[in-house]
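1. sequence and computational prediction follow.
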Amino acid sequence: MSRIHEALKKAEQERAATQAMAVPPPMAAMPMSEQPVFADTPPVPAMPASMGLGMPTFGGGLNMDTLLARCPRTEWTPDPGSMLFMNGDDHARGTEEFRTLRSRLYHLREKMTLRTVLVTSALPKEGKSFTSANLAQVLVRQHGRRVLLIDADLRGPRLHLMLGTPMGPGLSDYLQSKNDEFSIIQQGPMENLFFMPSGSGIEDPSELIANGRLKMLLQRLEPLFDWIIVDSPPAIPVSDASVLAKACDGVLMVVRSNATPSDAARRARQEFPENALVGFVLNGTSEENAPYARYYYEAYENKGTATKA
Ligand SMILES: Nc1ncnc2c1ncn2[C@@H]1O[C@H](COP(=O)(O)OP(=O)(O)OP(=O)(O)O)[C@@H](O)[C@H]1O
Ligand SMILES: [Mg+2]
């Protein structure tokens, strides 16, 4: 076993122990008024943001900081129209709904393994990338939480444009064995938010996504992050999302208000095993329909059995 692999394994064990302590109280036990305000959740007691300094090393001297220090630092110029949490206004329209979504995901996490979340939708332009990017940002705003955002839409990558950062090297380069995992992960200006772009354009995304290396990649990276958010292509036109879902713990389905035809939403849902779906995000609701919210999230409360294939 390589030193890196040993270190990752050990990190996973340590992180699992930490996570058990970090889980917030059940939402049902919280007063309604507090439910969406997950930002007040106590910080993680161990595994703080700067994990390396002062922490014991493992795996032959490699610790998480040492591993992640290999990730290149890049300058990001985020698109202020899409990146709700990067413009300095914590109360911008939509931010509260993402806090609620975060809260629901933590609630689900009490019942199931949920660290790697695939974000998909039936059709193009329904807000998958928007949801992925803002979800990653709201997750990382909690002290000590480390998040990796992956652009796994190899056909129409958008996240690098939303973040204003280079498109490569990235996932496709790793899948073609051109790069290792750390050289394709960027560190930007937001502490603890890491980004893996899609990488250079390729001819056959389906083949690459299905070649088995993606699952291996996620398994290797999981110990290093509290959450991994994976943006995907639409589920109906191409099979990538259903292949990606097999390597993830759960699937979040975005539905665009007044746009996604109901039969398309139903068909997309059928692309995934029932127990893989962890919820829906209704994106772009008008203020008339939802005066206080632009997104609506419905979780499957009785889930808890999603497993990776
Ligand atoms: N709720 C929203 N508020 C503001 N802008 C939004 C919202 N949802 C989506 N957008 C914008 O709409 C455009 C399309 O959204 P996005 O790229 O997230 O869709 P997508 O489902 O990822 O599309 P594709 O299938 O092409 O990958 C983007 O410019 C995005 O910033
Ligand atoms: Mg997209």
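-> The structure has been received and is ready for your questions. Ligands and ions are numbered 1, 2, ... in the order given.
2. alpha carbons only for contacts and neighbour counts from here, please
-> Will do.
3. which residue, neighbours along the chain excluded, lies closest to G170?
-> Among residues not flanking G170 along the chain, G199 sits closest, at 3.6 Å (CA to CA, 6 or more residues apart in numbering).
4. what about the one you found, how many neighbours?
-> Close neighbours of G199, defined as other CA atoms under 10 Å, add up to 23.
5. next: A276.
-> Neighbourhood size, A276 [other CA under 10 Å]: 23.
6. what does this protein have sitting close to ligand 1?
-> 82, 124-130, 156, 233-234, 283-284 (CA under 6 Å from any ligand atom).
7. next, count neighbours for E181.
-> E181 has 21 neighbours, counted by other CA under 10 Å.
8. state the phi and psi torsions of the residue nearest to it when sequence neighbours are not counted.
-> In this structure, E181 finds its nearest non-sequential neighbour in Y174, 6.6 Å apart by CA to CA, 6+ apart. Main-chain dihedrals, Y174, degrees, to the nearest 10: phi -70, psi -40.
9. again, but for the one 10 residues further on
-> Dihedral angles of I184 (phi, psi; degrees, to the nearest 10) stand at phi -100, psi 0.
10. could you do K178 as well?
-> Phi and psi for K178, reported as degrees, to the nearest 10, are phi -90, psi -30.
11. state the number of residues packed around it.
-> 12.
12. do you know how far it is from G170?
-> 10 Å (CA to CA, to the nearest Å).
13. please apply the same query to G250.
-> Distance from G250 to G170, by CA to CA: 23 Å.
14. follow-up on the earlier one: isn't the residue nearest to E181 right next to I185, touching?
-> No - using CA atoms under 8 Å as the test, Y174 is too far from I185 to be in contact (10.4 Å).
15. who's more crowded, those two?
-> Ranked by neighbour count (other CA under 10 Å), Y174 and I185 place I185 first, with 25 against 21.
16. L221: helix or strand, and which one exactly?
-> L221 is part of helix 213-221 when elements are defined by DSSP states H and E.
17. tell me the contacts of the residue nearest to E181?
-> Listed by CA atoms under 8 Å, 6 or more residues apart in numbering, the contact set of Y174 reads 180-181, 184.
18. what's the distance between the residue in the stretch 201-309 of the chain that ligand 1 sits nearest to and V255?
-> Of all residues in the stretch 201-309 of the chain, G284 sits closest to ligand 1, at 4.4 Å by CA to the nearest ligand atom. The spacing between G284 and V255, counted by CA to CA, is 9 Å.
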